[in-house]
Each structure stands twice: as C-alpha cells, then as structure tokens.
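J.: The following comprises the amino acid sequence and a computationally predicted model.
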Amino acid sequence: MKHKYLFIALLSITSFVLNAQQAKIKRADKDYDNFAYIDAIKTYERVAEKGYKDVEMFKKLGNAYYFNAEFDKAEKWYAELFAMVLEVEPEYYYRYSQSLKAIGKYDQANTMLDAFNEKSGNDLRARLYNQQKDYLKVIEENSGRFVIENAGINSGYQDYGTAFFKNQLVFASSRTSKGVSMKIHKWNNQPFTSMFASNVDGGGNLQEPERFQPNIDTKFDEATPVFTNDGTTLYFTRSNYTDGKKRKSDDRVTKLKLYKATLNENGNFTNVKELPFNSDQYSTAHPALSPDEKTLYFASDMPGTYGQSDLYKVSINEDGSFGTPENLGTGINTEGKETFPFISNDHELYFSSDGHPGLGGLDVFVSKIGDSFKEVINIGAPINCPMDDFAFLIDTKTQVGFFSSNREGGLGYDDIYKFKELKKLSCEQLLTGIVTDVKTGAILTDTKVTLFDEKMNKITEVYSDAKGTYTFDVVECKKVYYVRANKKDYNPVEQTVVIGSETGETKLPFEMEPYVIPVKVGDDLAKVFKIKIIYFDLDKWNIRPDAAFDLAKIVDVMKEHPTMKIDVRSHTDSQQSHRYNEKLSDRRAKSTIAWMIGQGIEANRLTGRGYGETQLINKCSDNVECTEDEHQANRRSEFIIMSL
C-alpha cells in the first residue's frame, strides 16, 4: 500500500509541475502574440531548460529569435523542433535554412532549401533557389568589390538607415532616451529611435553625431530619412503617431507610416504630414527617391503584398500630390521580406531581401532600372554576410557609401558601416566595328547596322559614320546578340556575337560583298545569296528565332529589288503520313508568307504552297532509318524567283 500512495504522490507532483509549466507557456504565448518577443523568449527558455519539450513552443522560440534577426539562436530552437518532428509547415524549412546559414552550415541549409522547394508548391523563393542552385558560386564571383570599415559613429544601441543631407550623414539611433523614462520596444528590447546627424569633414570623416531636428521627434520611432536634392523636403518613417495621438490597427499593433516635412526659412523641418496612402491597418516605411524625384519607392505590407513586405513605387505629381502605389512585381518581390530600397543616380535599385538566394538573413541586391527591372543580383561579400545587411546607400560620384548590419563585431544591436566600391558589379560594353568592302577594303559609310537580342527582337539601329565606324553604346556582358549590316548594292551580312565578361569594348567588323552574282528566273534565292535554309521544328509551322533571322535576309533582298516576285515552297520530312505532311507544309508556306508580308513585302509579290514529303533531298523516305539531322534537312523552305 505504501508504494501505491508513493506513486499517487509522485503523480500528483508531476501533474502539478506540468500544470505550472503549461501556465508559464500560456503567459509566454500571450507575450508572443503581442509581439513581446523578448519577454516570451525568457519564459520559453526557462521552461525548456527544465526539460520540457513542445513542438509549438520550439516553433515560437525559433520565430522569436528569427524575427529579431538573432539567427544563430533561432537555429538552436529550430534544430530542437526538427529533432522532434519531421513534418512541419514549409515556412519552417526556409527559416531553418536561413538560420543555418548564419552559423556557416551552408550544406545543411541547402538540404533544408531542397525540402522547402519540394514542399512549398509554387513559392517564388523555392523557384529562385531551384533556378540558382549554384548561388554561392555566383555570390563569390560578385564578392570582393568593396572595402568596408566601421563608420565610427555607432553606439551600443541601434544605429542604421543613412541619408545624405548637405554636408551631413543623417541616420536613426536609439542611443539616448526620448524623455524622462526610456520607452522600450517589447519586440527587441531596444529604445525607440530618433534621427541623428554627423557632419562630414574635409577628409570625408564623420564627426560626433548630434540630434537632428528635435522638433520632428516624437516619443516613438523616427527613422530612414531621404531628402530632395535641394534639401527642402524630407520624407521619413515614423510610428503611427500624429498630433500627439498614437493609433493602432484592428489587431492592436502600432504600424509604421511615411511622413513628409518641409524646410522653413529658419532651417527647421516643419509642417509634418503623413502621406495619403498610409493606413492604420498596414505599414509603409523606408522611403527612397528616384534621381528625377518624380517617383517615391518604399516598403509595405499593404493588401496585394506577396510576402512579409514588398517594394512599391508611387508617382509624385507636379502639384505635390501622389498617384496610386504600384507593387514592383515578382521580378523583385518574393514571399519573404523585401525592404530598404535605394535608387542610385545610375538608375539602379538597391534593396535588401531574405527571399532571393543569399548568404543568410537580409542580403543587399541590385537591379538595373530600364523599361522594366533587370536581373536581380546579389552584390556579394563583404557587404553581405550571414546576418542582416540592409539600408545600402552610395554616392555614385565618389563610390563611397554606407550600409547597416547586425553582423558580429559590432558595437550595438545594428551598426553603420562605411564602404568604398572598387569595381562596378554591372558589366557593360561598347559594341563597335568598321564596315568595309570585302574585295577592295574601302570604307563603307552610311551602312545601316541593326542590333537584335538572342530571340531576334530588334533593339536598335545605327549607321556607319564617315570613317565606316558604327557603335552601340551599351550591350550587356555575356549576352548573345545578332547584328545585321545592310547597304544598297551589297549583300546583307549577319553575324552572331557573344559579349565578353569584363567591362570594356567588343569589336565586330563587317566585310560586305557587292551584288556580283547574276540571278535569273527559276533560281532559289536562298542558294544564290548563300542564305541558310529556313528550318522548322518537328511537327511545327511557327517561325523560329533563327528562321526569322534568315527570313529577314530574303526580305532585305526583295526590298532592294522591288519588282522581284518569289514563290515560297515548303517541304517536310517523311515522319508522318503523306496527307498530314501536305497540310503541315502548306501551313508552313502560309506562315512564311504571312511573316514576310508583316515585314513590308507586298502580298502580290509572294505566292507559295506546301509540297509535303514529295521532294525529299536525301534517302529518308518512309521506313528508312535516319538521324534527326537528316530528317531536319528535308524540313525546309525554298524561295524561287518567278520574275525580276
């Protein structure tokens, strides 16, 4: 009986302990749900240290550290989570991979990314990783272009988010209390931030920072300023606090908003107004201006956002009003976090992301701005590291700039670093050459030279000058281009060129041959002018890019001889039935004629029909074994001169 009572007593004690732990976890859950991550972490860890294991607790412990960018500590608890269960929501595979990168375990991180790719369906982060499995090699190739140093203005608190203003560097810092009692973020246990400014001396060194424009301070956050070129307008981020009133969203969270202030005659920024597309229900933050100051870029989680935060742009009208914000799209944004945009005077968008393949945490990326955003490129180390790197800013004249990071070796929660860019990441070249007569070597002036991309889309055209020289100002390194030269009384010439991998100049000379070959009715124009046969893919009749390139030669010849008429004859191989091939070849002939008409050739100068497999040029008839190349030789079009 004694043993029975002892068992009951032990059971009661165990039940009491479990209930006590569960009560603590319940309190921690409440802190977690209120974004008080620091308080939640303390309770969760005390419970975990006593041997209590719980899947949801490990998720929240990992998340609390992850959301505070303490990825090395997040890794510990995500590891505990995956030790307990093998199947969790896909997002945890991604967060665990990011945390593993922070401690240099890239192989294990990539294993988690592979699992994330398998489980996440159509997530853009998974697709980007799957397309760039060699992302570490690419980042390594992009690295080593900067020298960095501590900016010398950091404190033991948060310091981040710089902007140039006259001869000052303005940034956010939580280094001093805003009032009698220091207000603390429950999110990260850091004080609220104000804006500070550091004067830049003649040697480019930063002086001791001082509070910047105290009159725009509130008792909550002010951060990430950007100024117009004339210094009269300031855009900045502030907690949702206007006219002495703090506002919260429906879920009781104080969001961030964008504000605008103007410089008065006394040199103070006043007339602070929030921008019209703000909302109490979502955040808008981290403004950036285009070089012409007609567009404002920012980060937000407003409705329509793909991930945790996306980058947006909004037009600034001449009367100072704003257009409708536009999401920058999936070329830039992912299901992760895109934030801290900056637009350089070279029309490049720099931003930070944890959704594009990187070294861990937030990495800095760049995309050239044209008619659309170009390829997103990781700018590499030492700017990027396994922790958060963000708020990139550069003066393109001096190639000196600043960025923020919570990397190891800093003084505070976030620190500001100064850098010098030694080499541009973007590789651009001139494409140039001289056009000459192939027989005499004479310079050929006024020759039209046309540039096409790898899909035969026309990019631009130029004419050779008095020295026979043509130049395309900017072409992209490592890209394939087609180039065509046209001149009256000369055969058109086309060349393919692959641009080199280093910034510089690619030379592509043209030697043109005069029309010397007599032509007569019945000749095949493709053979007479040594133009490749127009091939079609198996079972297709659409115009391939390489076919379009060669068809353009026929068009050029017909434009040079405006009375010439052509009969287009299309042929197939023998791999289908005679009836099918007859129809297929006829569709090909009609497709070819339609394309040429679309290029400006009159319809009454073109006739044509399909001949199916009735005029094979080799042995490959029915039931004869042939290679694909042999069959493709029969899939052709001919251009027979009917009149001149």
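T.: Sure, I can see it.

J.: max-length strand in this protein?
T.: Assignment by DSSP state E gives strand 428-437 as the longest strand of the chain.

J.: quick one, what contacts residue 621?
T.: Shown in contact with residue 621 (C-beta atoms under 8 Å, 6 or more residues apart in numbering): 574, 613. In short, each C-beta sits where N, CA and C put it, glycine included.

J.: The next helix or strand after the longest strand of the chain - contacts with which helices or strands?
T.: Toward the C-terminus, strand 428-437 is succeeded by strand 448-452 as the next helix or strand (DSSP states H and E). Other helices and strands packing on strand 448-452, by 3 or more C-beta pairs under 8 Å, 6 or more residues apart in numbering; DSSP states H and E, are strand 458-463, strand 469-476, strand 480-486.

J.: Next, count neighbours for the nearest residue to residue 424 once chain neighbours are set aside.
T.: The shortest distance from residue 424 to any non-neighbouring residue, by C-beta to C-beta, 6 or more residues apart in numbering, is to residue 503 (6.7 Å). If you count neighbours by other C-beta atoms under 10 Å, residue 503 ends up with 13.

J.: how close does residue 503 sit to residue 491?
T.: Distance of residue 503 to residue 491, given as C-beta to C-beta, to the nearest Å: 34 Å.

J.: likewise residue 131?
T.: 42 Å.

J.: Would you format the helices and strands packed on strand 448-452 as a markdown table with mean neighbour count, distance to residue 355 and mean pLDDT included?
T.: Converted to a markdown table, the helices and strands packed on strand 448-452 look like this (neighbours: other C-beta atoms under 10 Å; distance: least, C-beta to C-beta, whole Å; pLDDT from 0 to 100):
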| stretch | mean neighbour count | distance to residue 355 | mean pLDDT |
| --- | --- | --- | --- |
| strand 458-463 | 13 | 31 | 92 |
| strand 469-476 | 16 | 24 | 88 |
| strand 480-486 | 20 | 29 | 92 |
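
J.: can you redo the ones you listed as TSV with distance to residue 609?
T.: Listed next are the helices and strands packed on strand 448-452 as TSV, based on distance: least, C-beta to C-beta, whole Å:
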stretch	distance to residue 609
strand 458-463	30
strand 469-476	40
strand 480-486	29
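
J.: Contact partners for the most centrally placed residue in the chain?
T.: Closest to where the C-alpha atoms of the chain average out (C-alpha atoms, centre = their mean) is residue 376, at 2.8 Å. For residue 376, the contacting residues are 331-332, 356, 365-367, by C-beta under 8 Å, 6+ apart.

J.: Can you get me a residue count around residue 89?
T.: 11.

J.: quick one, what contacts it?
T.: Per C-beta under 8 Å, 6+ apart, neighbours of residue 89: none.

J.: Contacts only, for the nearest residue to residue 228 once chain neighbours are set aside.
T.: Leaving out its chain neighbours, the residue that sits closest to residue 228 by C-beta to C-beta, 6+ apart is residue 293, at 5.7 Å. Counting by C-beta under 8 Å, 6+ apart, residue 293 makes contact with 228-229, 316.

J.: Now secondary structure, neighbour count and pLDDT too, for the residues you listed, in CSV please.
T.: CSV is the format used below for these (DSSP: H, G, I helix; E, B strand; the rest coil; neighbours: other C-beta atoms under 10 Å; pLDDT from 0 to 100):
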residue, secondary structure, neighbour count, pLDDT
228, coil, 15, 96
229, coil, 11, 94
316, strand, 20, 97
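
J.: hmm, who's touching the strand or helix carrying residue 223?
T.: Assessed by DSSP H and E, residue 223 sits inside strand 222-227. When contacts are defined by C-beta under 8 Å, 6+ apart, strand 222-227 is touched by residues 160-161, 163-165, 170, 172, 193-195, 216, 233-238, 285-289, 340, 391.

J.: What about those residues, which are in strands?
T.: Residues of these located in strands (DSSP E): 160-161, 163-165, 170, 172, 194-195, 233-238, 285-289, 340, 391.

J.: is it true that residue 61 touches residue 42?
T.: No: counting by C-beta atoms under 8 Å, residue 61 does not reach residue 42; the two are 10.6 Å apart.

J.: if you go through the protein in chain order, where are the helices?
T.: With helices called from DSSP state H, the chain shows them at 2-33, 37-49, 55-67, 71-84, 90-102, 106-119, 124-131, 135-142, 525-528, 545-560, 578-598, 628-634.

J.: Nearest approach to residue 324 belongs to which of those helices?
T.: Counting by C-beta to C-beta, residue 324 lies closest to helix 124-131 out of these; the figure is 23.8 Å.

J.: and the closest one, C-alpha only, in PDB?
T.: C-alpha atoms of helix 124-131 as PDB (Å, rounded to 0.1, in the frame of the first residue of the first chain):
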ATOM      1  CA  LEU A 124       8.900  32.100 -55.600                       C
ATOM      2  CA  ARG A 125      11.700  31.700 -53.100                       C
ATOM      3  CA  ALA A 126      11.700  28.000 -53.900                       C
ATOM      4  CA  ARG A 127      11.700  28.600 -57.600                       C
ATOM      5  CA  LEU A 128      14.500  31.100 -57.300                       C
ATOM      6  CA  TYR A 129      16.600  28.600 -55.300                       C
ATOM      7  CA  ASN A 130      15.800  25.800 -57.700                       C
ATOM      8  CA  GLN A 131      17.000  28.000 -60.700                       C
END
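
J.: Quick check: chain neighbours aside, which residue is closest to residue 616?
T.: Of all residues not flanking residue 616 in the chain, residue 634 sits nearest, at 5.2 Å (C-beta to C-beta, 6+ apart).

J.: Would you check that my belief about that neighbour contacting residue 570 is correct?
T.: No: at 10.9 Å, residue 634 does not count as touching residue 570 under the criterion of C-beta under 8 Å.

J.: who's more crowded, the two?
T.: residue 570 (26 against 21).

J.: Show me the domain layout of this protein.
T.: As assigned by automatic domain parsing, the chain contains the domains 25-121, 146-421, 428-512, 525-643.

J.: can you put these in TSV and add distance to residue 137?
T.: Shown next, in TSV, are the domains of the chain (distance: least, C-beta to C-beta, whole Å):
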stretch	distance to residue 137
domain 25-121	11
domain 146-421	11
domain 428-512	14
domain 525-643	29
